[in-house]
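1. turn this into a structure:
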Amino acid sequence: MLTFFGLSPSYKPILHSEIHEMIFYGRGGYDWNTVYNFPVWLRKFYFKKIQESYKEEKKAHEKANEKHQKKKISKPGISK
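-> Model prediction:
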């Protein structure tokens, strides 16, 4: 049964997943009550910004790993 001013049962998991991810990946910048009470447009805006930040961080990490993978360490010629 849907109410006029309520969330549909299918939206609640989406909402709480977004809240969890903003709190967890927001690095302590948000608390549950604040995020829950954000206007929808503002919560979506910050959620997207957090996603973009982590994507950029991942690219930088992958780029740094590529540099280190190109360098090969030669093994010493030890025989038994």
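2. hmm, who's touching stretch 26-43?
-> When contacts are defined by CB atoms under 8 Å, 6 or more residues apart in numbering, stretch 26-43 is touched by residues 18-19, 22-23, 46, 50. C-betas here are computed from N, CA, C, even on glycine.
3. greatest separation within those: which pair is it?
-> 19 and 50 (12.0 Å; CB to CB).
4. the chain: helices as residue ranges?
-> 12-25, 32-36, 40-70 (DSSP state H).
5. and those helices: which comes nearest residue 78?
-> The nearest among the helices of the chain, by CB to CB, is helix 40-70 at 24.4 Å.
6. just the buried positions in the closest one, please.
-> Neighbour-count burial for helix 40-70 flags 43, 46-47, 50 (criterion: 16 or more other CB atoms under 10 Å).
7. how about a markdown table for the helices of the chain, with mean pLDDT and distance to residue 6 added?
-> As requested, the helices of the chain are exported to a markdown table (pLDDT from 0 to 100; distance: least, CB to CB, whole Å):
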| stretch | mean pLDDT | distance to residue 6 |
| --- | --- | --- |
| helix 12-25 | 90 | 10 |
| helix 32-36 | 91 | 14 |
| helix 40-70 | 88 | 14 |
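8. can I get the ones you listed in CSV including distance to residue 78?
-> Formatted as CSV, the helices of the chain follow (distance: least, CB to CB, whole Å):
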stretch, distance to residue 78
helix 12-25, 47
helix 32-36, 58
helix 40-70, 24
